[in-house]
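Enquirer: Fold the following for me, if possible:
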Amino acid sequence: MKTLITYSSQTGNTLKLAQKIYDTIKGEKDIFPMDQAPPCEEYDLIAVGFWFQAGKPDQKAIDYLPKLNNNSNVFLFASHGAAKNSDHVKNAVDYASNLTNNATIAGVFTCQGEVNSKVLEKVKQKPEPPVWIKDADSAIGHPNEDDLSALAQMITKL
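Expert: So this is what the prediction gives:
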C-alpha cells in the first residue's frame, strides 16, 4: 500500500499528528505540506491533516480537499482548540468530508491542539468570541502523548 500524508499546520500541532502517522503507518509512504503535495492518483490512501479556522478546515485544506475524487481512500485528521466531541468539531469534519468529491473516508481523527497565545488574545477581544473559546484552556499541552498514542492505534487498525 502506498500512502500520502499531507498536512497544513500553523503552529505545529497538525504537523505533530502528520509525523506520528508517517512514523506509524507501514508500507511505502510520502509526507508533504499540503501546498507541496504531489497528485494523489498514485496513492492507495491519502491522509489529509488540517487545523480549524472559523469553524471550518483552514484555507489550504479547503483548496486541497476538492482535488480528491470518488476513487480516493481518505483519512482525515485535525487539531483544534474546541472540545473533541463538540458540535464545532463535528461540523468542521462534515464540512471537510463534503469537499472530497465523494471520496471514501477511511477514518477520522481529531484532537485538541494548543492555540497560539497571540491568536487567543485576539479572539478573546472580539465582541462575540467563537464558541470554542471556552474550551481553549483545556487544549494547552495538546496534542500530547495520549493523543499521539490514540492516533497511532487508529492508524494501525486501518
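Enquirer: Near residue 116, how many other residues are there?
Expert: 15 (other CB atoms under 10 Å). Backbone N, C-alpha and C define where each C-beta goes, glycine included.
Enquirer: Repeat that for the one 3 residues further on.
Expert: Other residues within reach of residue 119, judged by other CB under 10 Å, total 13.
Enquirer: what's the answer for the one 3 residues further on, then?
Expert: The burial count assigned to residue 122 is 10, neighbours taken as other CB under 10 Å.
Enquirer: what does residue 132 give?
Expert: Neighbour tally, residue 132, other CB under 10 Å: 21.
Enquirer: measure it to residue 2 for me?
Expert: Counting by CB to CB, to the nearest Å, the separation of residue 132 from residue 2 is 35 Å.
Enquirer: Equivalent analysis for residue 31, please.
Expert: When CB to CB is the yardstick, residue 31 and residue 2 sit 12 Å from each other.
Enquirer: So for those two, which sits in the more crowded spot?
Expert: Between residue 31 and residue 2, counted using other CB under 10 Å, the more crowded position is residue 31 (19 against 12).
Enquirer: can you list the residues that contact the helix or strand that contains the more buried one?
Expert: Secondary structure assignment for residue 31, by DSSP states H and E: strand 28-33. Residues outside strand 28-33 that contact it (CB atoms under 8 Å, 6 or more residues apart in numbering): 1-9, 18-19, 22, 38, 43.
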